[in-house]
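Peer 1: Provide a 3D model corresponding to the input given below.
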Amino acid sequence: MPLSYLVLAATLFAATRAHGAWGVAFAPQDDSAARPAIVYLHGMWATPEDSCAIFERAATPFGFLVCPRGNARMPDGGPMWSGGYADAARQVHAALDAAEAMAPGKLDRSAGGTLVGYSNGAWFAVQIALGEPGKWTGLVLLSMKVELDAPRLRAAGVERVLLAAGDADMARGEMERAAAAAQSAGLPARFVSLGAGGHAFPGDMGDRMREAIAWVRAAPDR
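Peer 2: Below you'll find the model as predicted:
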């Protein structure tokens, strides 16, 4: 294979994916105009490296997929999320800075972003949305009992919330009730099953997330 081809391939790969101590990011499929961020917050016993790529096909049609590394450490040394909004926000913004460097001027950080969180990352996704009014319009919350303050979320600019868990996940019942309560309170919300499993991603997680992210990024119900 010609060396020039290898150099070109490496350049294209570097332009579409970035990785570092801050986490992992993928560039959007189309960067002809500025695009928002779809930020994924991993759960405990997970890393950006082992889960970010699962969301690539679901997120990159809309914008940058950005997967920051948790701000704290598990006893085994793995990353997790801890503290409150300010603690998580530092990691999120460091990852956004790194993603922006992939395509300068093409990441729109002002509005229209989506937050996806799994397990304890879901709780922090809600805190980020509440702490940064006007920046995040959609939430995808996975496998975590969360309380949704519909009026506060709407005031922060959140337009749609999707909650999802496996049928055997202990959080499922509470998440279904949270979605129904938010919908009744005027915040478009829905619960979807992740299949028969428990607190883990199903084999078709990427396809399921394509539908989930597309739904929260659609115009809100009128």
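Peer 1: tell me what the longest helix belonging to the chain is packed against?
Peer 2: Taking DSSP state H as the criterion, the chain has its longest helix at helix 85-102. Under the contact criterion of 3 or more Cβ pairs under 8 Å, 6 or more residues apart in numbering; DSSP states H and E, helix 85-102 touches strand 17-20, strand 23-26, strand 37-41, strand 64-68, helix 120-131. For the C-beta atoms, the positions are set from N, CA and C on the backbone; glycine is no exception.
Peer 1: partner strands of the second one, parallel or antiparallel?
Peer 2: Under the criterion DSSP bridges, strand 23-26 sits next to strand 17-20 (antiparallel), strand 64-68 (antiparallel) in its sheet.
Peer 1: can I get the CA coordinates of it in PDB?
Peer 2: Output of strand 23-26 as PDB, limited to C-alpha atoms (Å, rounded to 0.1, in the frame of the first residue of the first chain):
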ATOM      1  CA  GLY A  23     -12.000  11.100  27.300                       C
ATOM      2  CA  VAL A  24     -13.000  10.300  23.700                       C
ATOM      3  CA  ALA A  25     -14.700  12.300  21.000                       C
ATOM      4  CA  PHE A  26     -16.000  11.700  17.400                       C
END
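Peer 1: Can you give the contact residues for it?
Peer 2: With contact meaning Cβ atoms under 8 Å, 6 or more residues apart in numbering, strand 23-26 is reached by 16-19, 48-49, 52-53, 56, 59-60, 64-69, 91, 95, 98-99, 102.
Peer 1: any chance you could map the helices in the chain?
Peer 2: So, for the chain - with DSSP H - the helices run 3-16, 48-51, 56-59, 85-102, 120-131, 150-155, 172-184, 205-216.
Peer 1: which parts of the second one are buried?
Peer 2: Which is helix 48-51. 48, 51 (16 or more other Cβ atoms under 10 Å).
Peer 1: Show the average pLDDT along it.
Peer 2: Averaged across helix 48-51, pLDDT comes to 95.
Peer 1: Find the least confident helix or strand in this structure, judged by mean pLDDT.
Peer 2: The helix or strand of the chain with the poorest confidence is helix 3-16; it has a mean of 42 (mean pLDDT, DSSP states H and E).
Peer 1: For the chain, give me the ranges with low pLDDT.
Peer 2: 1-15, 219-222 (pLDDT under 70).
Peer 1: burial measure for the nearest residue to Ala101 once chain neighbours are set aside, as a count.
Peer 2: Sequence neighbours aside, Ala18 is the residue nearest to Ala101 in space, at 7.4 Å (criterion: Cβ to Cβ, 6 or more residues apart in numbering). Ala18 is flanked by 21 other residues according to other Cβ atoms under 10 Å.
Peer 1: Give me the distance between Ala18 and Ala103.
Peer 2: Going from Ala18 to Ala103 by Cβ to Cβ, to the nearest Å gives 10 Å.
Peer 1: Ala150 too?
Peer 2: Distance from Ala150 to Ala103, by Cβ to Cβ: 35 Å.
Peer 1: Repeat that for Arg217.
Peer 2: When Arg217 is compared with Ala103 (using Cβ to Cβ), they lie 20 Å apart.
Peer 1: likewise Phe62?
Peer 2: Note on Phe62: its distance to Ala103, by Cβ to Cβ, is 15 Å.
Peer 1: Comparing those two, which residue is more hemmed in?
Peer 2: Phe62 (21 against 17).
Peer 1: Thought Val216 was touching that one, still the case?
Peer 2: No. Using Cβ atoms under 8 Å, Phe62 and Val216 do not qualify as a contacting pair, with a distance of 10.1 Å.
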